[in-house]
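Participant: just to be clear, the model below is a prediction. Sequence and coordinates:
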Amino acid sequence: MRTKKIRYATSSLFKREEVLTLLDMTLPANGTHPAMSVRSAFEFEFHDAILAEPLERDLETMVRHKVMSAYRQIMAPCVVEHAALILEKFKDQNFPGGLTQPMWDAVGPVGFVKSVEWAGEQAIARCLIAYCNGKRVVTFVGDTVGVLADGPRGGRDFYWDTIFCPDGGSGRSFSEIAAGTGGIQEKMLLSQSTKAFLQLFDYLLAEKDTMFSEL
């Protein structure tokens, strides 16, 4: 079986480091393929594209726009990713959703925690991955449930990883988990990003579109 190239548009060194750990995972067997290592089926090619990113609470709207922007630059099948926090109390409104990053950039981690503490500590980390092959856009959603810490914790300063404590993480923030030995791999076992990527992998293995390049 020849490997398929996933062109991933991102300027984040953190995300590049994280998605490369997915190559060491195993895809369980399903109706379209046997159990296999991700590395045997895929490789990543990173593109430092400048992406148009509309200001929307709804992550689906954001990533669809974002991946079409990436495709226009790369001119080949590609994927983009966007992750955000959803307050459990406002999950039906997807808040703050796509507004998470501008809020974070404006007030920082301490200010962000204070600005949402009235809504309670329960939160969902949500990842949306969008794939565009020039004919269509397909999206994949991954959720990880957890709580918000009362302030930033951990030495790996990647976005809101310092304040989100996933269920199953023994009360640690993503940042604290990732900072330890083998920490990136441990984080990715809990990550919303992994859940979305596993869906993407299954989709691409089943896809028969000849526009998707094979090596």
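Facilitator: Arrived safely, thanks for sending. Residues are numbered from 1 along each chain as shown.
Participant: spatially central residue in the chain, please.
Facilitator: Of all residues in the chain, the one closest to the mean position by C-alpha atoms, centre = their mean is Ser193, 3.5 Å from it.
Participant: where does that residue sit: helix, strand or coil?
Facilitator: Here Ser193 is recorded as helix under DSSP: H, G, I helix; E, B strand; the rest coil.
Participant: gap between it and Val38?
Facilitator: 13 Å (C-beta to C-beta, to the nearest Å). Where C-beta positions appear, they are placed from N, C-alpha and C, glycine not excepted.
Participant: common neighbours of the two, please.
Facilitator: Overlap of the contact sets of Ser193 and Val38 (by C-beta atoms under 8 Å, 6 or more residues apart in numbering) is empty.
Participant: neighbours of the closest residue to Leu87 other than its chain neighbours, just the number please.
Facilitator: Take Leu87 and drop its neighbours on the chain: the residue closest to it by C-beta to C-beta, 6 or more residues apart in numbering is Ala119, 4.6 Å away. Other residues near Ala119 come to 15 when the count uses other C-beta atoms under 10 Å.
Participant: distance-wise, check Ala119 relative to Pro54.
Facilitator: Distance of Ala119 to Pro54, computed by C-beta to C-beta: 24 Å.
Participant: ok, Leu200 next?
Facilitator: According to C-beta to C-beta, Leu200 stands 22 Å off from Pro54.
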